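**Q** coords please:
(one chain, ligands or ions: 2)
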Amino acid sequence: MSGNTTSEGAVVAPQIVASEGDRVLIFDTTLRDGEQCPGATMTFEEKLQVADCLDAMGVDIIEAGFPIASDGDFEAVSEVAKRVKRATVAGLARAGEKDIDRAGEAVRHAVKPRIHTFISTSPVHMKFKLQKSPEQVLELVGQQCRRARNWVDDVEWSAEDATRTEHDFLCRCVEAAISAGATTINIPDTVGYTVPEEYFALIAMLRERVPNADKAIFSTHCHNDLGLAVANSLAGVKAGARQIECTINGIGERAGNAALEEIVMAIRTRHDVLPFATGIEATMLSRASRLVAAVTNFPVQYNKAIVGRNAFAHESGIHQDGMLKHTQTYEIMTPESVGVAKTALVMGKHSGRAAFRSKLKDLGYDLGDNQFEDAFNRFKALADRKKHVYDEDIEALVDEEIAHMHDRTKVVALTVIAGTMGPQTATLTLDIEGRQQTVQAAGNGPVDATFAAIRQIMPHQAKLALYQVHAVTEGTDAQAEVSVRLEEDGRTVTGRGADTDTLVASARAYVSALNKLTVKRQKTAQAQQAV
Ligand code: KIV
Ligand code: ZN
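**A** Ligands and ions are numbered 1, 2, ... in the order given. As a prediction, the model looks like this:
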């Protein structure tokens, strides 16, 4: 690690260009490209929580959203711009004047504001998506960068679908963007099509052929459709790019973006072949991953590098034997280096507030007073029902608390009659903004009965696209973590619930998804009114 200080993180683009050092800027787009992926919508408050976490961990640039997309997006970007004190805050804009002005207004209160403006440059995008000729696009490149420079000094320009763009034309566009004031040039692999050697050659070609290339920082933005996003980004850095665009847990359009935690740990662990440095505090990676998984309700796959729950687990006898003899036999980095605490048996039902608060601190949580009280009460209830309460149990419980904090409708009580003598029936009480309602429903099994009861109180047409259960820890008294994904009119939302009772966890997950759907419907209605 570089041990970069805040002042290093605060270096503005032109100075970094001049330095040409080994420092790679980390541009996080979890709140924009990440939030764009189906089901990953975050509420206003959740976006602020994620922004605070990214700022605290040392991200250089936070792309906070796409301000023209909706009033909600605009407000979230402006609020992030106002509260973030260390990182640069970027807002995305297409090539239109309205887009750029909206982004400019949204970021103008930031200590370090950036406008990120883009346009497609590949033949297929220009012809079918933009329906413009290359000359018209080239004209717009200059116009969009000049317009953005009227608002801010720090302008990033992206050539959407750059990896499928004809080289001569890409060179002309990049040159025009820099001449018009862009200080960062982003070369997105929008469709995740490139491979490391090709991407290396592309960045090297641009740096060599574009006459004013030395006046800008080159940036990578790689999608993961072929599973090569991280490898491609690192190849780009080897070719001279000094900014990487990435997201926590690799969330993003389709197969996602390059995963921030993988980029950071690859550079740190293989410094011998990747002699670069980032300003990221790696011990916060695990916490950031859990936060993003909790607020997006997007579970992290078990074998996900760095932050998956199996990433540091050694199961086979041979591996365990090797680990006991020397940890380096099978561990190329320590769990502690990414903030994974050694799994420990924690408090039981006699533990008090002080012990619980200190445990939360160790796990990287900083809860407000009300949230702490709710989490503590749930911990006590869990400790009454579960013999051993592990760190993972507390994480699941607190993550759920965070995810449900702003839910308008909450599960109050659930009783289910199940077993071989059907029909299974569920009696359910929900609290809808302070008003309680109880119903009873029968179903084809206990989960079906529970969901039927929810549908009675919260009628909707959404399709259940996924229902998934997994155990947080081992043992028959383990907490179940349930994910529910719903689809309605092209909108996708995911809800998550955790409890030692699988049916209660299922009800919480379903209700949470419906809460998210309500917010999403309102957002769409607002956006339609604004048009
Ligand atoms: O993938 C892409 O091309 C993008 C641009 C808007 C940078 O997300
Ligand atoms: Zn993208």
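
**Q** could I get the full set of strands for the stretch 1-150 of the chain?
**A** Remark: strands assigned in the stretch 1-150 of the chain by DSSP state E, counting those that start in this stretch are 25-28, 61-65, 88-93, 113-120.

**Q** for the stretch 251-400 of the chain, give me the ranges with low pLDDT.
**A** In the prediction, the stretch 251-400 of the chain carries residues with pLDDT under 70 at positions 314-317, 320, 341-347.

**Q** just want the residue of it that's nearest ligand 1.
**A** Using C-beta to the nearest ligand atom, the closest approach of the stretch 251-400 of the chain to ligand 1 is made by Glu253 at 6.5 Å. C-beta coordinates here come from the backbone N, C-alpha and C atoms, glycine included.

**Q** any idea whether that residue is helix, strand or coil?
**A** coil (DSSP: H, G, I helix; E, B strand; the rest coil).

**Q** I'd assumed Asn224 was in contact with it.
**A** No. Glu253 lies out of contact with Asn224 (C-beta atoms under 8 Å); the separation is 9.4 Å.

**Q** more neighbours: which of the two?
**A** Asn224 (22 against 17; other C-beta atoms under 10 Å).

**Q** how much space separates the closest residue to the more buried one other than its chain neighbours from Ala148?
**A** The shortest distance from Asn224 to any non-neighbouring residue, by C-beta to C-beta, 6 or more residues apart in numbering, is to Ala255 (4.3 Å). Per C-beta to C-beta, to the nearest Å, Ala255 is found 30 Å from Ala148.

**Q** tell me which of those two has more neighbours.
**A** Using other C-beta under 10 Å as the criterion, Ala255 and Ala148 rank with Ala148 on top: 29 against 14.

**Q** so who does the more buried one touch?
**A** Ala93, Ile100, Ala103, Gly104, Ile115, Thr117, Val155, Gly181, Ala182 (C-beta atoms under 8 Å, 6 or more residues apart in numbering).

**Q** got it, and Glu135?
**A** Contacts of Glu135 by C-beta under 8 Å, 6+ apart: none found.

**Q** list the buried residues in stretch 293-308.
**A** By neighbour count on 16 or more other C-beta atoms under 10 Å, the buried set for stretch 293-308 is Ala293, Ala294, Val295, Thr296, Asn297, Phe298, Pro299, Val300, Lys304, Ile306, Val307.

**Q** pull up the distance across that stretch, start to finish.
**A** By C-alpha to C-alpha, to the nearest Å, the extent of stretch 293-308 from end to end equals 11 Å.

**Q** kindly report the same for stretch 397-416.
**A** 22 Å.

**Q** so how far is it off the chain centroid?
**A** Centroid separation between stretch 397-416 and its chain, computed with C-alpha atoms, centre = their mean, to the nearest Å, is 22 Å.

**Q** now stretch 47-59
**A** The answer for stretch 47-59 is 11 Å, by C-alpha atoms, centre = their mean.

**Q** pLDDT on that stretch, on average?
**A** On average, the pLDDT along stretch 47-59 is 96.

**Q** output it as PDB, nothing but the C-alphas.
**A** The C-alpha coordinates for stretch 47-59 follow below in PDB (Å, rounded to 0.1, in the frame of the first residue of the first chain):
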ATOM      1  CA  LYS A  47     -27.000   6.000  -1.000                       C
ATOM      2  CA  LEU A  48     -25.700   8.400   1.600                       C
ATOM      3  CA  GLN A  49     -24.600   5.500   3.800                       C
ATOM      4  CA  VAL A  50     -22.700   4.000   0.900                       C
ATOM      5  CA  ALA A  51     -21.100   7.400   0.000                       C
ATOM      6  CA  ASP A  52     -19.900   7.900   3.600                       C
ATOM      7  CA  CYS A  53     -18.300   4.400   3.600                       C
ATOM      8  CA  LEU A  54     -16.600   5.000   0.200                       C
ATOM      9  CA  ASP A  55     -15.200   8.300   1.400                       C
ATOM     10  CA  ALA A  56     -14.000   6.800   4.600                       C
ATOM     11  CA  MET A  57     -12.200   4.000   2.900                       C
ATOM     12  CA  GLY A  58     -10.300   6.300   0.600                       C
ATOM     13  CA  VAL A  59     -12.000   6.200  -2.800                       C
END
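
**Q** can you tell me what sits against that stretch?
**A** Counting by C-beta under 8 Å, 6+ apart, 4, 9, 26-28, 30-31, 35, 42, 62, 64-65, 76, 79-80, 83-87, 248, 260, 278-281, 284-285, 287-288, 291-292, 295, 402 sit against stretch 47-59.

**Q** buried subset of those residues as a PyMOL selection?
**A** Buried residues within the contacts of stretch 47-59, by 16+ other C-beta under 10 Å, are selected in PyMOL with:
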select buried, resi 4+9+26+27+28+30+31+35+42+62+64+65+76+79+80+84+86+87+248+260+278+279+280+281+284+285+287+288+291+292+295+402
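
**Q** narrow the contacts of stretch 47-59 to those in helices?
**A** Among those, the residues falling in helices (DSSP state H) are 9, 76, 79-80, 83, 260, 285, 287-288, 291-292, 295, 402.

**Q** from the stretch 1-150 of the chain, which residue is nearest to ligand 1?
**A** Counting by C-beta to the nearest ligand atom, the stretch 1-150 of the chain gets nearest ligand 1 through Phe118, at 4.4 Å.

**Q** just the pLDDT at the closest residue to that residue other than its chain neighbours, thanks.
**A** Once flanking residues are discounted, Phe118 sits nearest to Ser158: 3.7 Å by C-beta to C-beta, 6+ apart. Listed pLDDT for Ser158 reads 98.

**Q** one more: the one 5 residues further on?
**A** At Thr163 the predicted local distance difference test score is 98.

**Q** hang on, it packs against Val195?
**A** No. The pair Thr163 and Val195 fails to qualify as a contact (C-beta under 8 Å) at a distance of 9.6 Å.

**Q** out of these two, name the residue with the larger neighbour count.
**A** A direct count of neighbours by other C-beta under 10 Å for Thr163 and Val195 places Thr163 higher, at 22 against 14.

**Q** distance of the more buried one relative to ligand 1?
**A** 9 Å (C-beta to the nearest ligand atom, to the nearest Å).

**Q** what sits against that residue?
**A** So Thr163 contacts Ile187, Pro188, Asp189, Thr190, Val191, Tyr193, Thr194, Glu198, Tyr199, Leu202 (C-beta under 8 Å, 6+ apart).
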